[in-house]
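Chemist: Okay, predicted coordinates and the sequence, questions at the end:
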Amino acid sequence: MKARINLNVMMSLAIMAVSAYALYASLQWPFKTALFPRVLSIPLFFLATTEMFLSLGRSQKDVQGQAMDFQMTDDIDPALARRRTFMIFSSILGFLLLILLAGFPLAVPLFVFLYLKLAGEKWLLSSLMAVLCWLFMEGIFDRLLHLPFPQGWLFSLWG
């Protein structure tokens, strides 16, 4: 069987190169700093290697299915689509603004609570999800990883 180099192989090689460089660059860093790139680059390198070997063994004829083009839906009113798009972008910008003003650890549960309340969820579910987000942020990032987050603008003015 003749091995062909196709776009999948080239893409896998590029991902392998980027992940190998990230691993190499993090070798001289302190452990806590290098942990994130190492945790990502090692599995990424092996997954890209696996994909490369799988792509070498098959031709384009062996691939099942057809490529699909992206199509916009025709059955949604354009005004409704514009309103939904505006709501998505405004929620993203609102989250970024909350991060700037209150800091990341407070912005996440506050955003979850406000988003769920504005979406029409009940107080109990919105509060419970916000508390769970706060516990996750506090437990993982503060207590376990000891990651310092910068204060928000409001708290930096007070302190």
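Modeler: Arrived safely, thanks for sending.
Chemist: what ranges of this structure fall below the confidence cut-off?
Modeler: 1-5, 58-70, 72, 159 (pLDDT under 70).
Chemist: Mind splitting it into its structural domains?
Modeler: 7-56, 97-158 (automatic domain parsing).
Chemist: out of those domains, nearest to Arg82?
Modeler: Taking Cβ to Cβ, domain 97-158 is the member of the domains of the chain nearest to Arg82, at 18.1 Å. C-betas here are computed from N, CA, C, even on glycine.
Chemist: picking that back up, using CSV, lay out the domains of the chain together with mean neighbour count.
Modeler: Formatted as CSV, these follow (neighbours: other Cβ atoms under 10 Å):
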stretch, mean neighbour count
domain 7-56, 14
domain 97-158, 14
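Chemist: export those domains to CSV and tack on distance to Met87?
Modeler: Output for the domains of the chain, formatted as CSV (distance: least, Cβ to Cβ, whole Å):
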stretch, distance to Met87
domain 7-56, 32
domain 97-158, 9
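Chemist: all helices of the chain, in order?
Modeler: 7-25, 31-56, 78-102, 104-118, 123-136, 153-158 (DSSP state H).
Chemist: Run the chain-centre distance for the shortest one.
Modeler: Same thing as helix 153-158. 28 Å (Cα atoms, centre = their mean, to the nearest Å).
Chemist: The fifth one now?
Modeler: Averaging C-alpha positions (Cα atoms, centre = their mean) puts helix 123-136 21 Å from its chain's average.
Chemist: And for the second one?
Modeler: From the chain centre to the centre of helix 31-56 is a distance of 17 Å (Cα atoms, centre = their mean).
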